[in-house]
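okay, here's the prediction I keep looking at, along with the sequence it came from:
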Amino acid sequence: MRLTSIRSAPEEWKEKAAYIDTLLLPIYGFQLQNKEPELSELEAVDRISAQIERELTGRLLLLPPIAYVGKNPSTLHKYIQEVISTFIEAQFHHFFLIYPEGRIMEEELQLESLPFQVTLLPVTLKPSLAEDPATLTPIAESLRNKIVQRWMNGN
């Protein structure tokens, strides 16, 4: 289920809320030079996240993505920590971040002190991936399997 669909389907949310224990937060960067946007990260991360959400409907809530345009990674890391901290008392047990490889530095996030597990799901993106959506399916399946494995391990 997508966070954005809760408003349009509040009854569905009430039925499923007790079973949804996992959050998926997509993060991507983009550039806008000479009014020409570079959106390959957005397209790839969005497609992968949407596929994971469809396949894990009923247990996973897909959050709206974070778009990052800055040049200072510590600003992004602080913001991610702030977002994660808002969900600490919301009765979710798993929190996954999906992002292009190299966009987040794990050691900078200071995730050890959180009362639930935050799992980073970096995605290696190549320019050709956004051009052919079918090439993203194996990536989405691999990440979905990592989420399921985390559930099965109970942590």
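Cool, the structure landed.

lowest-pLDDT helix or strand in the protein?
Taking all helices and strands of the chain together, the one with the lowest average confidence (mean pLDDT, DSSP states H and E) is helix 127-131, at a mean of 59.

following element in sequence after it, please.
Read in the C-terminal direction, the helix or strand following helix 127-131 is helix 137-153, with elements assigned using DSSP states H and E.

in that next one, which residues are buried?
I139, A140, L143, R144, I147, R150, W151 (16 or more other CB atoms under 10 Å). Yep, even glycine has a C-beta here, placed from its N, CA and C like the rest.

could you check the pLDDT of the fourth one?
I take that to be R144. The predicted local confidence for R144 comes out at a pLDDT of 97.

repeat for the fifth one
Each residue has a pLDDT score; the one for I147 is 96.

which parts of the chain are strands?
Here the chain has its strands, by DSSP state E, at 22-29, 31-33, 36-38, 60-62, 66-68, 94-100, 117-123.

can you list contacts of the fifth one?
This points to strand 66-68. Contacts of strand 66-68 with the rest of the structure, by CB atoms under 8 Å, 6 or more residues apart in numbering, involve L25, P26, I27, Y28, G29, F30, L42, L76, Y79, I80, V83, R103.

so which of those residues comes closest to D132?
Checking those against D132 by CB to CB gives L42 as the nearest, at 16.0 Å.

thought the closest one was touching L32?
No - contact between L42 and L32 fails when scored by CB atoms under 8 Å: they sit 11.6 Å apart.

neighbour count winner among the two?
Here L42 and L32 are set side by side on neighbour count (other CB atoms under 10 Å), and the busier one is L42, at 18 against 10.

and the more buried one, what is it in contact with?
Residues in contact with L42 (CB under 8 Å, 6+ apart) are Y28, F30, P65, A67.

could you dump the residues you listed to TSV with distance to E108?
Putting the contacts of L42 into TSV (distance: CB to CB, whole Å) gives the following:
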residue	distance to E108
Y28	18
F30	21
P65	20
A67	19
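
most neighbours among the residues you listed, please name it.
Highest neighbour count within those: Y28, with 23 neighbours (other CB under 10 Å).
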